[in-house]
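Peer 1: sequence-free structure coming up:
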């Protein structure tokens with residue numbers, strides 16, 4: 001296992017972290033998976049107060065399983081990250097969230113505390129700073145929390161503004177082969193000795209299924225997830241990639257990848273960069289996701305259909321594309337339908353700035369991705 005320095009500290013954390021958002025449903029097996037990872041050198045587990053794992057699927061159940069799993073090693077040999085999900089309604093409310101996590105984890109302290117789960121620039125200024133900042137300083141003085149961090153899905157510009165406050169030693173952001181928007185964040189963090197912990201290194205599961213097209217970029221690549229993880233860890237600004245691993249085989253494969261001393265050569269980086277640029281160009285030819293075509297009078301989720309089609313046609317992620325397409329239909333939470341609901345009224349084509357033949361491509365999409 002490769003280890004990387006956490007911020008400006010002497011802490012060395014494993015390049016691969018265990019993401020405990022989607023643990024196996026069977027408690028003992030979930031614990032077995034985490035302990036197996038620890039045995040192989042993983043020393044960082046990320047969870048959250050709202051994550052649900054194991055058999056009871058209740059809020060906090062992921063934390064409780066993590067707490068049981070880490071009893072297998074001395075506490076000082078594993079680093080735990082969790083997140084305050086209270087929204088910082090008050091100093092007392094925020095502290096109550098922390099104390100619940102400490103109880104769930106059955107630990108005296110949390111190594112890396114995400115001060116607000118999914119923090120934004122707005123919630124930092126309007127909720128956390130006025131309501132919980134002094135309490136956060138207090139719990140750190142008490143030793144309940146050792147390092148301040150945050151997780152965020154905000155814009156890269158706003159995440160950088162959060163880092164510029166000087167409050168945080170690390171942050172958790174999304175970054176993968178399919179979503180490189182946070183590269184400016186990673187560059188800023190590296191320059192200022194802030195650790196970047198990556199969530200979704202395999203695209204939230206989108207890169208978990210095989211793509212021969214992606215694997216062909218680097219001949220000899222064992223799997224698409226391996227390529228995805230190598231890409232993330234090859235970025236010198238990334239401290240740790242957090243992977244949700246729910247099988248022993250997945251853990252073994254990811255540990256082997258994170259144990260490579262040279263993740264990508266300069267030639268391999270150049271090959272991936274060229275492939276990504278070409279794929280992005282092709283994706284924009286089909287649809288840029290501007291949403292000008294919406295709303296569809298019939299409720300067709302046109303951008304969602306084309307996003308799935310791009311996974312299939314551009315990235316070769318056909319099984320992933322079919323799974324995303326299947327989420328459209330009468331039970332879709334936003335009420336968006338599959339492409340076969342199109343009546344060819346043409347309203348969308350009149351609004352498309354790229355003059356995409358939407359009706360024709362909707363028909364092709366359903367033929368490729370529908371049952």
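Peer 2: That came in fine, so what should we check first? The structure presented is a predicted model; accordingly, all values stated were derived computationally and were not measured. Residues are numbered from 1 along each chain as shown.
Peer 1: how far is stretch 293-306 from where the chain is centred?
Peer 2: Distance, stretch centre to chain centre, for stretch 293-306: 26 Å (C-alpha atoms, centre = their mean, to the nearest Å).
Peer 1: and if you look at stretch 189-204?
Peer 2: Per C-alpha atoms, centre = their mean, the centroid offset for stretch 189-204 relative to its chain is 10 Å.
Peer 1: now stretch 217-234
Peer 2: In this view, stretch 217-234 has its centroid 17 Å away from the chain centroid, taken as C-alpha atoms, centre = their mean.
Peer 1: contacts for it?
Peer 2: Applying C-beta atoms under 8 Å, 6 or more residues apart in numbering, the contact partners of stretch 217-234 are 2, 15-16, 175-177, 198, 201-203, 207-211, 214-215, 238, 241, 243, 250, 253-254, 257-258, 260, 263-264, 268-269, 271-272, 275, 317. All C-beta spots, glycine's among them, are computed from the backbone N, C-alpha and C.
Peer 1: Filter those residues down to the buried ones.
Peer 2: Among those, those classed as buried by 16 or more other C-beta atoms under 10 Å are 15-16, 175-177, 198, 201-203, 207-211, 214-215, 238, 241, 243, 250, 253-254, 257-258, 263-264, 268, 272, 275, 317.
Peer 1: could you pull out the strands for the stretch 201-350 of the chain?
Peer 2: For the stretch 201-350 of the chain, applying DSSP state E, counting those that start in this stretch gives strands covering 238-243.
Peer 1: Would you mind listing where it has pLDDT under the threshold?
Peer 2: The stretch 201-350 of the chain contains no residues with pLDDT under 70.
Peer 1: how much space between residue 157 and residue 191?
Peer 2: Computed with C-beta to C-beta, to the nearest Å, the distance linking residue 157 and residue 191 is 16 Å.
Peer 1: circling back: and the buried ones among the contacts of stretch 217-234, which of them are in helices?
Peer 2: Taking DSSP state H as the definition of helices, the buried ones among the contacts of stretch 217-234 contribute 214, 215, 250, 253, 254, 257, 258, 268, 272, 275.
Peer 1: if I look at the closest residue to the last one other than its chain neighbours, how far off is residue 253?
Peer 2: Distance criterion C-beta to C-beta, 6 or more residues apart in numbering; nearest residue to residue 275, sequence neighbours excluded, is residue 217 at 4.5 Å. When distance is defined by C-beta to C-beta, residue 217 is 19 Å away from residue 253.
Peer 1: How about residue 179?
Peer 2: 22 Å.
Peer 1: Residue 242 now?
Peer 2: Taken as C-beta to C-beta, the span from residue 242 to residue 253 is 16 Å.
Peer 1: Could you do residue 275 as well?
Peer 2: Noted for residue 275: a distance of 22 Å to residue 253, by C-beta to C-beta.
Peer 1: ditto for residue 321
Peer 2: 23 Å.
Peer 1: tell me the contacts of residue 143?
Peer 2: When contacts are counted by C-beta under 8 Å, 6+ apart, residue 143 touches 108, 109.
Peer 1: That one should be in a strand, yeah?
Peer 2: No - membership of residue 143 in a strand is not supported by DSSP: H, G, I helix; E, B strand; the rest coil, which gives coil.
Peer 1: any idea how far it is from residue 102?
Peer 2: As judged by C-beta to C-beta, residue 143 and residue 102 stand 11 Å apart.
Peer 1: Which neighbours do these two have in common?
Peer 2: Joint contacts of residue 143 and residue 102 (C-beta under 8 Å, 6+ apart) are 108, 109.
Peer 1: So this structure: which segments form each domain?
Peer 2: Listed domain ranges for the chain are 3-269, 287-369 (source: automatic domain parsing).
Peer 1: Save the ones you listed as a markdown table, and put in distance to residue 281 too.
Peer 2: What follows is these, written out as a markdown table (distance: least, C-beta to C-beta, whole Å):
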| stretch | distance to residue 281 |
| --- | --- |
| domain 3-269 | 14 |
| domain 287-369 | 9 |
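Peer 1: List the buried residues for the helix or strand encompassing residue 92?
Peer 2: Residue 92 is located in helix 91-105, with elements delineated by DSSP states H and E. For helix 91-105, burial by neighbour count (16+ other C-beta under 10 Å) applies to 94, 95, 97, 98, 100, 101, 102, 104, 105.
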